[in-house]
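Peer 1: this is a predicted model, with the sequence first.
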Amino acid sequence: MSELERRLARPPASAPFDIRAAATMLAQRATEAGLVDVAYGSLDSPLGKLIVAVTRRGVVRIAYEGEVEEGVLQELAEGVSPRVLRAPERTDAARRELEGYFAGSVRRFDLPVDWTLVHGFAVGVLKATARVPFGHVATYAEMAASAGSPRAARAAGNALHINPIPIVVPCHRIVPASGGIGGYGGGEERKRFLLDLEGALRV
Amino acid sequence: MRLPPFQSLVDAHAAELHRFLVASVGPTDAEDCLQETLLSALRAYPRLRDGSHLRAWLYTIAQHKATDAARRRARHRAEDLDGVRPAYLCEPQHELVDDGLWARVRALPPKQREAIVHRFVFDLAYKDIGLRTGTTEEAARQNVATGLRRLRMEVDR
């Protein structure tokens, strides 16, 4: 190796690179340029960390801790748009309402919802679910009937199980006609907590 | 076709792109160039047909931004000679000092500059430089050799 090559092997002088600052600046500039199709941020809740993703249309995805973040973001990239950026400010409105919900001051979400990740029969089921008010419960069969197929209670249950927007689309309010609280995509413990928070658990 | 979420490209490659740009255009312009690179990439991203060469694609964009920045710098220097020198074009105070060699690297023709940076900052083999820059192993070896010869002449002068 020549003297010149030895000198080139010493990197050029530079201040240390701050990736957080660079990413924040990028999110800001990309938002101004209208280039962020999916913005996401996170929120600490009594049910653990939540990932909240929004589009220009509304809330498109809420994920509980335990779902792998990369998996959630990949799903958004494929199902909505690959222009996915961490831009927490864009999710402020959604995060504020969720915080209010957990604090007991918000009983109805005013957030617009983006249904892009919901397909087929699930659209009718989840839209019916979104109309079940705070503190009330309904059955899988009732949701199936609202979606136009009274005998498809099991299919309704499946649709609710993979609800991409839990809490805001309150799939926790849907319970079996036979009693008990039934299953929940985020785990039964969380469902119990939410029903309890809303005073909907009759012990 | 599966494109990963753009944020994962930023997380995985921003630091190395920044290093590439520091070597290519200097620490002062590197941050701007990085932002320009990522914004351009984000703009074009959904239209990409192939998600398998994302890293090389990012380097191609960074290379263009570096060349633009070098051209802008050269133009500003020419304006200096005409006596036109608005305050914002003054050399920044915090430009870090190295031994002047990297300033010469930055003044090389783009292809040679890019090959030298990949070779010495990232310690890449010629085959990988070829992959990263969308040329062949042989072209990468050529570009490094030509760049080195030119640098040697300037340094020895």
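Peer 2: Right, received. Where do you want to start? Keep in mind the model is a prediction, meaning the values are calculated, not measured.
Peer 1: got phi/psi on residue 29?
Peer 2: The chain I'm using is chain A. With angles defined as degrees, to the nearest 10, A:Arg29 sits at phi -70, psi -40.
Peer 1: correction: the question concerned chain B.
Peer 2: B:Asp29 has phi and psi values of phi -80, psi -10 when expressed as degrees, to the nearest 10.
Peer 1: which parts of the lowest-mean-pLDDT helix or strand in chain B are buried?
Peer 2: Sorted by mean pLDDT, DSSP states H and E, the helices and strands of chain B end with helix B:54-81, the least confident at a mean of 85. Across helix B:54-81, burial judged by 16 or more other Cβ atoms under 10 Å in any protein chain shown covers B:54, B:57-63, B:65-67, B:69-70, B:73, B:76. The way it works is simple: take the backbone N, C-alpha and C, and place the C-beta from them, glycine included.
Peer 1: please see if that helix touches chain A.
Peer 2: No: taking Cβ under 8 Å from any Cβ of the partner chain as the criterion, helix B:54-81 and chain A are apart, separated by no less than 10.5 Å.
Peer 1: report the distance from that helix to the chain centre.
Peer 2: Taking Cα atoms, centre = their mean, to the nearest Å, the mean C-alpha location of helix B:54-81 is offset from the chain mean by 7 Å.
Peer 1: figure out how far the next helix or strand after it is from the centre of its chain.
Peer 2: Beyond helix B:54-81 on the C-terminal side, the first helix or strand identified by DSSP states H and E is helix B:101-106. The chain centroid and the centroid of helix B:101-106 are separated by 12 Å under Cα atoms, centre = their mean.
Peer 1: what do you get for stretch A:127-134?
Peer 2: 17 Å.
Peer 1: helix, strand, or coil at the residue nearest the centre of chain A?
Peer 2: Note on chain A: the residue nearest the mean C-alpha position is A:Ile62, at 0.8 Å, using Cα atoms, centre = their mean. Here A:Ile62 is strand, with the state taken from DSSP: H, G, I helix; E, B strand; the rest coil.
Peer 1: residues in contact with it?
Peer 2: For A:Ile62, the contact set (Cβ atoms under 8 Å, 6 or more residues apart in numbering or on different chains) comprises A:Leu50, A:Ile51, A:Val52, A:Ala53, A:Leu98, A:Pro164, A:Ile165, A:Pro166, A:Ile167, A:Val168.
Peer 1: and the closest residue to B:Lys127 other than its chain neighbours, what's its pLDDT?
Peer 2: Distance criterion Cβ to Cβ, 6 or more residues apart in numbering or on different chains; nearest residue to B:Lys127, sequence neighbours excluded, is B:Glu137 at 4.5 Å. Looking at B:Glu137, its pLDDT is 96.
Peer 1: what number of residues lie near B:Glu137?
Peer 2: B:Glu137 has 14 neighbours, counted by other Cβ atoms under 10 Å in any protein chain shown.
Peer 1: and the gap between it and chain A?
Peer 2: Taking Cβ to the nearest Cβ, to the nearest Å as the measure, B:Glu137 falls 19 Å from chain A.
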